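Asks: give me coordinates for this.
(one chain, ligands or ions: 2)
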Amino acid sequence: MKTKLLNPLNDAYAIKKASDIIRSGGVVAMPTETVYGLAANALDTDAVKKIFAAKGRPPDNPLIVHIAEFDDIYNLVENVPEKAKKLADAFWPGPLTVVLKKKPAIPDIVSGGLDTVAVRMPSHPTARELIKKSGLPLAAPSANISGKPSPTIWQHVSEDMDGRIEAVIEGDISELGVESTVITLDTEPPRLLRPGMISAEQMEAIIGGIAIDEGVFEEVPAEKKAASPGMKHRHYSPKADLTVVRGDYEKFKKVLEQHAADGVFALVFAGEENGLPVKAMTYGKKDDSASQAKDLFFALRELDKRGAKKIYARCPAEDEKGAGLAVQNRLFRAAGFNFI
Ligand code: TXA
Ligand code: MG
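Replies: Numbering: from 1, shown residues only. Ligands and ions are numbered 1, 2, ... in the order given. Here you go, the predicted model:
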């Protein structure tokens with residue numbers, strides 16, 4: 001299949017063309033404020049199957065359904081509890097996904113066989129326009145081959161998806177750089193399943209107590225059932241072997257002096273890249289989680305392109321709340337919880 005590139009800046013019909021593809025059962029990559037997504041009609045099992053095939057995604061890992069208006073949620077879930085309304089009021093449109101009991105109309109393939117469905121209303125204007133023009137709820141996982149870092153520029157989408165999907169919408173660089181916060185309201189208290197730029201503390205201020213699933217902090221052992229199937233799968237990994245170095249910059253430098261060799265790269269904070277014995281790439285500023293989130297996946301993919309075999313990464317502050325937890329969660333998973 002030849003993958004079309006659609007650019008809303010130079011083609012007034014780009015979104016119309018994309019929505020035509022979706023309405024006829026195809027898959028289109030779209031920009032969102034978090035990362036790029038692979039969108040298809042969430043109510044069409046065959047269309048959603050194409051997403052799984054394009055990504056090579058394990059079939060037990062459910063998808064997030066994207067809507068453009070709050071009232072669209074009533075087509076997807078049995079009942080909208082007060083806490084869901086309050087969270088939506090505070091954070092939608094935006095990088096928050098809520099898990100609720102699904103309606104029978106949601107195909108099993110979307111929910112990975114669970115009795116719940118994940119719903120999000122993105123804020124990115126192109127994503128919103130595409131949902132509205134399609135007139136459909138759109139299932140959309142991140143637009144990467146399963147296991148790789150999520151794409152934050154359309155070129156990274158093309159590298160993974162060229163020839164596998166009908167079209168890629170060329171948008172800008174993703175504003176946030178990590179995927180949405182996922183919270184389930186199917187448990188009491190509600191439970192954070194994936195940290196993102198909307199923090200547990202921000203949500204607690206609106207709906208009260210939230211539990212944080214242990215899968216957020218650590219590897220879920222293979223024999224254990226995960227609250228969110230995505231926790232179990234290998235994630236965000238570059239081709240290179242990635243190690244997170246705990247401790248300060250002086251220690252980091254010593255570690256690199258011991259390990260300097262061809263194909264070894266450092267992943268550091270802005271301003272730290274000079275004076276190291278190996279080549280370096282940066283991800284954000286030292287005490288600024290938002291800038292780290294924005295750059296992390298981009299940097300991991302670029303390191304692969306530069307031929308990195310082994311990467312040593314600076315560790316973000318570890319008692320982090322807020323967005324820091326999202327950065328930690330992605331980096332530690334990308335490293336397979338491999339630390340020095
Ligand atoms: O920011 C985002 O959420 C991006 C953009 C494209 O919107 N999408 C995204 O989708 O990150 P994906 O498929 O890469 O991640 C979805 C996560 C997975 O960890 C999955 O296990 C979890 O949400 N999930 C989906 N449905 C669920 C459910 N019913 N119960 C628990 N977890 C669920
Ligand atoms: Mg993903």
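Asks: in space, what's closest to the closest residue to ligand 1 within the stretch 101-250 of the chain - neighbours in sequence excluded?
Replies: Nearest residue of the stretch 101-250 of the chain to ligand 1: Gly230, at 2.1 Å (CB to the nearest ligand atom). In short, each C-beta sits where N, CA and C put it, glycine included. Closest residue to Gly230 apart from its sequence neighbours, by CB to CB, 6 or more residues apart in numbering: Asn61 at 5.3 Å.
Asks: what's the distance between the one you found and Trp154?
Replies: 24 Å (CB to CB, to the nearest Å).
Asks: more crowded one of those two?
Replies: Between Asn61 and Trp154, Trp154 has the larger neighbour count (other CB atoms under 10 Å), namely 24 against 18.
Asks: contacts only, for that one.
Replies: 5, 29, 31, 36, 168-171 (CB atoms under 8 Å, 6 or more residues apart in numbering).
Asks: how many neighbours does the spatially closest residue to Ile131 that is not a sequence neighbour have?
Replies: Counting by CB to CB, 6+ apart, Ile131 lies nearest to Ala68, which is 4.0 Å off, once chain neighbours are set aside. Residues near Ala68, counting by other CB under 10 Å, number 21.
Asks: from memory Ala68 sits against Arg128, does it?
Replies: Yes: judged on CB atoms under 8 Å, Ala68 makes contact with Arg128 at a distance of 5.0 Å.
Asks: intersection of neighbour lists for the two?
Replies: Common neighbours of Ala68 and Arg128 (CB under 8 Å, 6+ apart) are Pro93.
Asks: for the stretch 101-250 of the chain, what lies in contact range of ligand 1?
Replies: 111, 114, 116-118, 120, 122, 140-142, 179-180, 182, 184, 193-194, 228-230 (CB under 6 Å from any ligand atom).
Asks: buried members of those into ChimeraX, please.
Replies: Remark: buried members of those, expressed as a ChimeraX selection using 16 or more other CB atoms under 10 Å:
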select :111,114,116,117,118,120,122,140,141,142,179,180,182,184,193,194,228,229,230
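Asks: show me the residues of the stretch 101-250 of the chain next to ligand 1 that map onto helices.
Replies: Ser111 (DSSP state H).
Asks: okay, which residue is most central for this protein?
Replies: Of all residues in the chain, the one closest to the mean position by CA atoms, centre = their mean is Glu179, 2.9 Å from it.
Asks: so what's that one up against?
Replies: Taking CB under 8 Å, 6+ apart, we find Glu179 in contact with 34-35, 95, 142, 150, 194, 196.
Asks: where does this protein dip in pLDDT?
Replies: Confidence mapping of the chain against pLDDT under 70 gives the ranges 232-234.
Asks: so is whichever helix in it runs longest next to ligand 1?
Replies: Ranked by residue count and defined by DSSP H, the top helix of the chain is helix 289-305. No: counting by CB under 6 Å from any ligand atom, ligand 1 is not contacted by helix 289-305; separation bottoms out at 11.1 Å.
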